[in-house]
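>>> quick one: sequence and predicted model below, then my questions.
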Amino acid sequence: MDTAILVIGANGQVGKVLTKALQDKYGKERIIASDIRKSEDTNGIFEVIDATDIDRIKEVVVQYKVTQIYHLAAILSAKGEENPLGTWNINVKTWLNVLEVARIYNIEKVFYPSSIAVFGNGAPRNNTPNNAYLDPATVYGISKVDGENWAQYYHIKYGLDIRSIRYPGIIGYQSLPGGGTTDYAVDIYHKAVLNERFTCFLREDTALPMIFIDDAVRATIEIMEAPAESIKVRTSYNIEGISFSPKEIASEIRELYPDFKIDYKPDFRQDIAEYWPKSIDDSEAKMDWGWQPKYDLYSITETMIRELKAQYE
Ligand code: AKB
């Protein structure tokens with residue numbers, strides 16, 4: 001059967017770049033981008049899907065004879081705390097809908113994005129291992145632990161081939177993240193390029209694991225293309241690009257913008273970050289399916305500033 005890939009949540013930070021990468025790889029006619037609203041810059045096939053509506057997902061899967069699904073729709077950590085029960089409903093219901101559709105229509109492969117938010121106080125903060133204890137402190141984190149376990153359950157019980165990555169904070173220039181605790185690491189570059197002062201909602205020494213968007217999207221496609229037998233972890237894989245604090249990113253930016261000014265006003269997102277790892281052990285992803293990051297803080301900064309300057313000109 002010809003490959004036909006449905007991307008749910010295609011307007012989001014990862015969805016936008018991943019959709020383009022999949023179109024380049026498989027051809028525009030094989031990628032069905034979808035989100036709750038149509039976006040302005042849709043290029044290729046687009047279907048409006050509210051993923052809480054299982055019948056709508058089924059309709060699109062049947063219409064395009066979908067063979068793979070990437071389910072990216074979710075409410076992130078900071079935004080999720082505004083409405084915990086609503087966040088739970090959306091994050092868990094959409095994922096269960098996708099799993100059920102995948103089971104009913106024998107979807108070949110499914111991708112599920114988990115997050116470093118699955119970790120909490122019970123896990124070591126430095127070099128957090130893949131199989132550390134999971135006791136998340138946000139509703140987003142709880143929904144991701146739940147999602148990972150459902151993924152493994154559908155794999156064991158129904159033989160569904162589901163693959164998953166725990167994303168760290170993602171840094172990219174193509175779109176703004178929305179509602180995350182790591183969003184500061186994108187906003188800071190916009191302010192630098194606009195020659196504006198940046199007020200950071202985390203303390204200067206709050207180190208968190210991060211990854212550049214190109215590495216995140218490449219990892220996503222690589223895990224989906226790896227031979228099934230190399231995927232040994234059926235909950236989710238840790239991956240990391242690099243770990244840094246707001247102070248470190250600001251000092252890297254000052255190499256290019258010596259007058260860049262930052263101040264710190266920690267808010268409720270500081271409390272979320274306190275529970276998260278400072279750095280991640282991604283050796284299982286490296287060993288099982290060959291994960292390898294390419295971008296460090298220097299190359300992320302250089303690329304972000306170059307691309308954002310071009311956008312703002
Ligand atoms: C967030 O900050 O909520 C996300 C994540 C780490 O999953 N970027």
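Yes, it's here.
>>> check whether stretch 109-121 contacts the ligand.
Yes. Under the criterion of CB under 6 Å from any ligand atom, the ligand is reached by stretch 109-121 at 115-117. Using the backbone N, CA and C atoms, a C-beta is placed for each residue, glycine as well.
>>> and the residues you listed, which is closest to the ligand?
Ser115 (3.2 Å; CB to the nearest ligand atom).
>>> wait, that closest one touches Gly169, no?
No. Contact criterion CB atoms under 8 Å: Ser115 and Gly169 do not qualify, at 9.3 Å.
>>> look at the two and report which has more neighbours.
Ser115 (29 against 24; other CB atoms under 10 Å).
>>> just grab the bridge partners of the more buried one for me.
Applying DSSP bridges to Ser115 gives these bridge partners: Tyr167.
>>> next one: it from Glu59, what distance?
For Ser115, the distance to Glu59 equals 29 Å [CB to CB, to the nearest Å].
>>> could you look up the SS state of Met210?
strand (DSSP: H, G, I helix; E, B strand; the rest coil).
>>> show me the contacts for the residue lying closest to it once chain neighbours are set aside.
In this structure, Met210 finds its nearest non-sequential neighbour in Gly169, 4.4 Å apart by CB to CB, 6 or more residues apart in numbering. Counting by CB atoms under 8 Å, 6 or more residues apart in numbering, Gly169 makes contact with 116, 180-183, 185, 208-211.
>>> who are the contact partners of Phe23?
Actually, residue 23 is Gln. It isn't Phe. By CB under 8 Å, 6+ apart, the contact set of Gln23 is 31, 43-44.
>>> tell me the predicted confidence for it.
pLDDT recorded at Gln23 is 97.
>>> can you name the next helix or strand after the helix or strand hosting it?
Gln23 belongs to helix 13-26 when assigned by DSSP states H and E. For helix 13-26, the succeeding helix or strand toward the C-terminus, using DSSP H and E, is strand 31-35.
>>> send me that following strand as PDB with only the CA atoms.
Once non-C-alpha atoms are left out, strand 31-35 reads as follows in PDB (Å, rounded to 0.1, in the frame of the first residue of the first chain):
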ATOM      1  CA  ILE A  31       1.000  14.100   3.500                       C
ATOM      2  CA  ILE A  32      -2.300  15.100   5.000                       C
ATOM      3  CA  ALA A  33      -1.800  18.000   7.400                       C
ATOM      4  CA  SER A  34      -4.500  18.600   9.900                       C
ATOM      5  CA  ASP A  35      -5.300  20.900  12.800                       C
END
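>>> surely Leu208 touches Ile272?
No. Here Leu208 lies out of contact with Ile272, judged by CB under 8 Å, at a distance of 10.1 Å.
>>> just list the residues touching Asp161, thanks.
Asp161 neighbours (CB under 8 Å, 6+ apart): 108-110, 155, 228, 231.
>>> name the nearest residue to the residue of the chain found nearest the ligand, ignoring sequence neighbours.
Nearest to the ligand, among the residues of the chain, is Gly180, at 2.7 Å (CB to the nearest ligand atom). With sequence-adjacent residues excluded and distances taken as CB to CB, 6+ apart, Gly180 is closest to Leu76, at 4.1 Å.
>>> mind pulling up the pLDDT for that neighbour?
At Leu76, the predicted lDDT confidence score is 97.
>>> neighbours of it, how many?
Neighbours of Leu76 using other CB under 10 Å come to 22.
>>> for Tyr158, see how far away Val17 is.
Counting by CB to CB, the gap from Val17 to Tyr158 is 31 Å.
>>> same drill for the two, tell me which one is more crowded.
Taking other CB under 10 Å, Val17 and Tyr158 do not tie; Val17 has more neighbours (20 against 14).
>>> contacting residues for that one?
Val17 neighbours (CB under 8 Å, 6+ apart): 172, 174-175, 213-214, 217.
>>> show me those that map onto strands.
Counting by DSSP state E, no part of those is found in strands.
>>> show me which residues of the stretch 101-250 of the chain sit near the ligand.
Within reach of the ligand by CB under 6 Å from any ligand atom, the stretch 101-250 of the chain has these residues: 115-117, 140, 167-169, 180-182.
>>> find the pair from these with maximum spatial separation.
Farthest apart among these by CB to CB are Tyr140 and Pro168. That separation is 14.0 Å.
>>> check which helix or strand Met304 maps to.
Met304 belongs to helix 297-312, assigned by DSSP H and E.
>>> quick one: distance of that helix to the chain centre.
On the basis of CA atoms, centre = their mean, to the nearest Å, helix 297-312 sits 20 Å off its chain's mean C-alpha point.
>>> I'd like the average pLDDT over it.
Per-residue scores along helix 297-312 average to 97.
>>> what's the answer for stretch 195-206, then?
Here stretch 195-206 scores 98 as its mean pLDDT.
>>> and that stretch, end to end?
Distance between the boundary residues of stretch 195-206 (CA to CA, to the nearest Å) amounts to 24 Å.
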